[in-house]
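Q: Sequence and predicted structure, then a few things I'm wondering about:
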Amino acid sequence: MITVAAEPQPIVLNIDRTALVIIDMQRDFLEPGGFGETLGNNVSLLKAAVAPLKAMLAGARDAGMLVIHTREGHRPDLSDAPPAKIERGSPSKRIGDPGPMGRILIRGEPGHDIIEELYPIDGEPVIDKPGKGAFYQTDLQLMLQNCGIENLIVCGVTTEVCVNTTVREANDRGYRCVVLSDCCASYFPEFHEMGLKMIKAQGGIFGWVTGSEQMLAGLAAATAPSKKYAQGSGS
Ligand code: C5J
């Protein structure tokens, strides 16, 4: 059990029942020429989350925590992409169109893949999702149930879209969600701020918000050798 400083109040987590869920840290959202940029966004704004998330990922792996990655995207034949999603707005390129990183937001294309800094290692599940929420039309809930997970540490992009949607879905399914503010980012800094406020408002209506440093401090306390052992009592 660890106690982590968070808003609106500290949270106690059983780390054996906690998973780190990393939402959509894909080239299509973070790099020029992908889905994010075709919608007119400044993709460099998402970079802020990469270094803190890299540290959090290392901490979760060290603690033996289940790590799950998600990717938003569609089948090459677009059969799982609602026309209403493809048609929306006036992007420079639509989902499925060819771009510098392959077809936009299509599974198997270079742009759909996770950025190198946060690449999954063997044994870390990757959930391919057609929507914004990670529970919608995926086997995420089944996986969490089978692993005995009750708490989710949620990170990724973007704060107000896929992170918020996933947290709301998870909250309704009974999971305690802790969102790491510095491990999330948005193309709109004000949406990032408000997205986090919406989660922790009203006594934590959707969950808790904290930073990676607080979470890593909690994990370090749980995995540190006991005082007796550390002092080398020899017994
Ligand atoms: C968006 C996401 N913003 N991963 N997707 O379309 O937040």
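A: Arrived safely. As the structure is a prediction and not an experimental result, all values here were calculated from the model.
Q: Every contact and neighbour count from this point should use C-alpha atoms.
A: Will do.
Q: After the lengthiest strand in the chain, which helix or strand is next?
A: Longest strand in the chain, counting residues (DSSP state E): strand 176-185. Using DSSP states H and E, the helix or strand that follows strand 176-185 towards the C-terminus is helix 189-204.
Q: Just the CA atoms of that next one, as PDB, please.
A: Written as PDB, here are the backbone C-alpha positions of helix 189-204 (Å, rounded to 0.1, in the frame of the first residue of the first chain):
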ATOM      1  CA  PRO A 189      -3.000  24.600 -22.600                       C
ATOM      2  CA  GLU A 190      -6.300  26.000 -21.200                       C
ATOM      3  CA  PHE A 191      -8.000  22.700 -22.000                       C
ATOM      4  CA  HIS A 192      -5.300  20.800 -20.300                       C
ATOM      5  CA  GLU A 193      -5.800  22.900 -17.100                       C
ATOM      6  CA  MET A 194      -9.600  22.600 -17.300                       C
ATOM      7  CA  GLY A 195      -9.500  18.900 -18.200                       C
ATOM      8  CA  LEU A 196      -7.600  18.300 -14.900                       C
ATOM      9  CA  LYS A 197      -9.900  20.500 -12.900                       C
ATOM     10  CA  MET A 198     -12.900  18.700 -14.200                       C
ATOM     11  CA  ILE A 199     -11.500  15.400 -12.900                       C
ATOM     12  CA  LYS A 200     -10.700  16.500  -9.400                       C
ATOM     13  CA  ALA A 201     -13.600  19.000  -8.800                       C
ATOM     14  CA  GLN A 202     -16.500  18.200  -6.500                       C
ATOM     15  CA  GLY A 203     -14.500  16.000  -4.200                       C
ATOM     16  CA  GLY A 204     -12.900  14.100  -7.100                       C
END
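Q: show me where the chain has helices.
A: Assigned by DSSP state H, the helices in the chain fall at 27-30, 35-38, 50-62, 83-87, 140-146, 164-172, 189-204, 212-223, 227-230.
Q: and the chain, which of its residues are near the ligand?
A: Within the chain, the residues that sit near the ligand (CA under 6 Å from any ligand atom) are 24, 132, 157, 158, 161, 162.
Q: quick check, nearest of the residues you listed to residue 189?
A: Proximity of the residues of the chain next to the ligand to residue 189 (CA to CA) peaks at residue 158, which lies at 10.4 Å.
Q: on that earlier part again, same list (the residues of the chain next to the ligand) but as TSV, adding pLDDT and neighbour count.
A: Below are the residues of the chain next to the ligand laid out as TSV (pLDDT from 0 to 100; neighbours: other CA atoms under 10 Å):
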residue	pLDDT	neighbour count
24	98	29
132	98	19
157	98	25
158	98	25
161	98	15
162	98	21
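Q: Flag the shaky bits of this structure, pLDDT-wise.
A: 224-235 (pLDDT under 70).
Q: What's the separation between the residue lying closest to residue 117 once chain neighbours are set aside and the ligand?
A: What sits nearest to residue 117 in space, not counting adjacent residues and going by CA to CA, 6 or more residues apart in numbering, is residue 54, at 6.8 Å. According to CA to the nearest ligand atom, to the nearest Å, residue 54 and the ligand sit 18 Å apart.
Q: Please name the residues that touch the residue nearest to residue 35 when sequence neighbours are not counted.
A: Using CA to CA, 6+ apart and skipping the chain neighbours, the partner closest in space to residue 35 is residue 28 (5.0 Å). Residue 28 sits next to 34, 35, 36, 101, 104, 105, 111, 112, 113 when contact means CA atoms under 8 Å, 6 or more residues apart in numbering.
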